[in-house]
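1. Here is a sequence together with a model predicted from it:
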Amino acid sequence: MKNLTIAIDGHASTGKSSIAKALATKYGYLYINSGSMYRAVTLFAIENNLLTMTKSNISLFIKKLREISINFKFNDHNLISEIYLNSRNIENEIGSMKVSELVSEVAAIPEIRKEMVKLQRTIDRDKGVVMDGRDIGSVVFPDADLKLFLTASASVRAKRRFEEMIKKGLKVSYDDIVYNINNRDMLDSTRSDSPLIIEKDAIVIDNSNMSIDDQINKISQLIEDKFSN
Ligand code: DC
């Protein structure tokens, strides 16, 4: 049976990573959260004061990219592939509101995208991979065996994200989350380099009224169909 490349794209906070993680565990595939790579670069830029978008700062930012190494290491305790920036575990820091507010601007810089896509394509796909993001089916792996596009109403997404952040003990306002989600969708869909689009061969799943189990069942059926074809 061929191991598949599964691309999961979609709007902000649609639960892409939870679904991708669950599918990867079920099928023994590798799971890569490409959004966390853009978040890692954003964190690096915040820490190095590179985020005033003047031309000279952007070129300094791009030069500084050479100092960055991004890796994933599997944590046996929580069963999560955690992200490391220059050997430092930044899994928690990349979820902060500060990073969320700035990441879409950073992700719109073509030179940054070029580096991230290069890194994403070095992944060994032989054992099967589930990658989630915004341009996985359109740019990173246009040859993916299964392309999914997740969406949900903005209010459902904001509520889920709010509850997730409160559970993590983070102090956030619901209104800030609604603004952030809508703003990121707008920036991600309107940027000129590889905007968020629905590929012609992608299957759209609106999960506003679906549980994680409902989604896994539906997608598992699509995967089994691929195996039997
Ligand atoms: O999936 P996420 O919300 O953690 O992604 C953070 C941001 O990174 C998102 O607003 C857009 C950007 N991104 C991207 O442009 N391309 C990807 N493949 C993944 C994320």
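-> That came in fine, so what should we check first? Numbering: from 1, shown residues only.
2. Just the CA atoms from the worst-scoring helix or strand of the chain on mean pLDDT would do, formatted as PDB, please.
-> Lowest by mean pLDDT, DSSP states H and E among the helices and strands of the chain is helix 55-64, with a mean of 82. Backbone C-alpha positions of helix 55-64 (Å, rounded to 0.1, in the frame of the first residue of the first chain) are rendered in PDB as follows:
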ATOM      1  CA  LYS A  55      13.300  47.900   3.200                       C
ATOM      2  CA  SER A  56      16.600  47.800   5.000                       C
ATOM      3  CA  ASN A  57      15.200  45.800   7.900                       C
ATOM      4  CA  ILE A  58      13.600  43.300   5.600                       C
ATOM      5  CA  SER A  59      16.900  42.700   3.800                       C
ATOM      6  CA  LEU A  60      18.600  42.400   7.200                       C
ATOM      7  CA  PHE A  61      15.800  39.900   8.300                       C
ATOM      8  CA  ILE A  62      16.400  37.900   5.100                       C
ATOM      9  CA  LYS A  63      20.200  37.800   5.700                       C
ATOM     10  CA  LYS A  64      19.600  36.800   9.400                       C
END
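3. Ile94: neighbouring residues, count only.
-> 21 (other C-beta atoms under 10 Å). C-beta here means a position set from N, CA and C on the backbone, and glycine is covered the same way.
4. Same question for Ser36.
-> The number of residues packed around Ser36, counting by other C-beta under 10 Å, is 24.
5. re the thing from before, not counting its own residues, what contacts the least confident helix or strand of the chain?
-> 44-45, 48, 50-51, 109, 111-112 (C-beta atoms under 8 Å, 6 or more residues apart in numbering).
6. After that helix, which helix or strand is next? Please name it.
-> strand 70-75 (DSSP states H and E).
7. Now that following strand: buried residues?
-> Across strand 70-75, burial judged by 16 or more other C-beta atoms under 10 Å covers 70, 72.
8. Show me what secondary structure element comes after it.
-> With DSSP H and E, the next secondary element past strand 70-75 is strand 80-85.
9. Run the chain-centre distance for that following strand.
-> 13 Å (C-alpha atoms, centre = their mean, to the nearest Å).
10. Now tell me what touches it from outside.
-> 21, 30-33, 36-37, 39-40, 43-44, 68-75, 89-91, 94.
11. Now do it against strand 70-75, angle only.
-> Taking axes from the mean of the first three to the mean of the last three C-alpha atoms, to 10 degrees, strand 80-85 and strand 70-75 form an angle of 150 degrees between their directions.
12. Strand 80-85 and the ligand, any residue contact?
-> No - Strand 80-85 lies apart from the ligand when judged by C-beta under 6 Å from any ligand atom; the minimum separation is 10.7 Å.
13. Now for the residue most central in space within the chain: which residues touch it?
-> Central residue of the chain (C-alpha atoms, centre = their mean): Gly35, 2.9 Å from the mean position. Contacts for Gly35 were tallied using C-beta under 8 Å, 6+ apart; they are 16-17, 103, 132-134.
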